[in-house]
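**Student:** My questions concern the predicted model and sequence given below.
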Amino acid sequence: AAIVDFANEHPDDGIILCDDMLRVGGALWEIRGQAPSVHTIIPSTTIGLTDAELYGLERILEKNKN
C-alpha cells in the first residue's frame, strides 16, 4: 500500500522496484493493479538479475531520462 501511495503522489516520476519478494503475498499484483506506472523487476533469488532484466532496466532508465 505504501508503494501505491508513493506512486500516486509522484505521477510524473519513473519508479522502478527491483525485489525478489514481490511475488510473496500478492504484492506484485496489487502494485500492477493499483499503480500500473511502476516498473517491476523480479530477480532470481539464486542468480540475481539476468542479462535480459538488466537490458530491460536500461531501457526503462533511458525512456525516463530527463
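**Tutor:** Sure, I can see it.
**Student:** From I16, how far out is the nearest residue to S37 once chain neighbours are set aside?
**Tutor:** Distances taken as CB to CB, 6 or more residues apart in numbering place A7 nearest to S37, at 6.3 Å, with adjacent residues excluded. For the C-beta atoms, the positions are set from N, CA and C on the backbone; glycine is no exception. A7 sits 11 Å away from I16 when distances are taken as CB to CB, to the nearest Å.
**Student:** Give the residues shared as contacts by those two.
**Tutor:** Counting by CB atoms under 8 Å, 6 or more residues apart in numbering, the contacts common to A7 and I16 are V38.
**Student:** of those two, who's got more company?
**Tutor:** A7 (18 against 13; other CB atoms under 10 Å).
**Student:** how near is that one to T45?
**Tutor:** Taking CB to CB, one finds A7 at 25 Å from T45.
**Student:** again, but for K63
**Tutor:** Distance from K63 to T45, by CB to CB: 27 Å.
**Student:** Quickly find the element holding E30.
**Tutor:** Under the criterion of DSSP states H and E, E30 resides in helix 27-34.
**Student:** Other residues contacting that helix?
**Tutor:** Outside helix 27-34, the residues that reach it (CB under 8 Å, 6+ apart) are A1, I3, V4, A7, L17, M21, L22, V38, T40, I42.
**Student:** ok, now which ones touch the second one?
**Tutor:** So that's I3. Residues near I3 by CB under 8 Å, 6+ apart: I15, L17, I31, A35, V38.
**Student:** S37 is in contact with the first one, correct?
**Tutor:** Yes: assessed by CB atoms under 8 Å, I15 is found in contact with S37 at 7.1 Å.
**Student:** who has more neighbours, the two?
**Tutor:** Per other CB under 10 Å, whichever of I15 and S37 has more neighbours is I15, with 17 against 12.
**Student:** Dihedrals phi and psi, L17?
**Tutor:** phi -110, psi 130 (degrees, to the nearest 10).
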